[in-house]
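K.L.:
take this sequence and fold it.
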Amino acid sequence: MPCYLTYHAYGTWLPNRKQGYVKRGRGILPTSDHMHRLYSTAMKEDVVAFDERSQRQAIETLLSSQTLQQFELHFVATEATHIHSLLAWRGDRESKKLRSLIKTSLSKAFNVAFHRRSWFAEGGSRKQVRDREHYDYLVNVYLPKHSGWKWSRARGLFKEGCSTTLSRRARPSG
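P.N.:
As a prediction, the model looks like this:
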């Protein structure tokens, strides 16, 4: 069964987001200016925003990592703030382990293509696709509406969709 793994850009999902923010082990919490100040003060680097070059680099890296890391890519969707990958693999390897391997590959590729820095927030999301209906929704509705570059087995590389906005602090890093 495929999983869909999400990698958040460093510093983009801070507590000042109107949708709230995620705290590991506690889930989604409401917006907090106080926590935003604490998080911002603790940041060691500027916020990352995935521009078109880094979005395409992410897709290229995911495609080229399939054989070595033994997974099959179904779809990639990007935004300035995150990267979604929908993929499948055989065997009993945990999604957490594969997510970590892929995140390392993405970071190394970005460090070579652009410059060395922290590209991603800690952790990330990993959700198993529940059934064929969920898979079809992801591939036909949810992932295609992302505003950045996308890749799918059916269409290859493409770009179309809605737009998102970044906080004032976010700026292109690629």
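
K.L.:
doesn't residue 117 make contact with residue 54?
P.N.:
No - between residue 54 and residue 117 there is no contact under Cβ atoms under 8 Å: 11.4 Å. Where C-beta positions appear, they are placed from N, C-alpha and C, glycine not excepted.

K.L.:
compare the two and say which is more crowded by neighbours.
P.N.:
residue 54 (26 against 14; other Cβ atoms under 10 Å).

K.L.:
what ranges does this structure have for its helices?
P.N.:
In order along the chain, the chain carries the following helices (DSSP state H): 33-42, 52-69, 95-113, 132-137.

K.L.:
how far away is the residue with the largest distance to the centre of the chain from residue 14?
P.N.:
What lies farthest from the middle of the chain is residue 34; by Cα atoms, centre = their mean that is 26.1 Å. According to Cβ to Cβ, to the nearest Å, residue 34 stands 12 Å off from residue 14.

K.L.:
check what pLDDT residue 152 gets.
P.N.:
Residue 152 is assigned a predicted lDDT (pLDDT) of 96.

K.L.:
give me the nearest residue to it, chain neighbours excluded.
P.N.:
Excluding the flanking residues, the one nearest residue 152 by Cβ to Cβ, 6 or more residues apart in numbering is residue 75, at 4.7 Å.

K.L.:
same check, this time on residue 90
P.N.:
Spatial nearest neighbour of residue 90, chain neighbours left out: residue 70 (7.4 Å); criterion: Cβ to Cβ, 6+ apart.

K.L.:
next: residue 2.
P.N.:
Nearest to residue 2 is residue 88, by Cβ to Cβ, 6+ apart, at 4.1 Å.

K.L.:
contacts only, for that neighbour.
P.N.:
1-3, 71-72, 74 (Cβ atoms under 8 Å, 6 or more residues apart in numbering).
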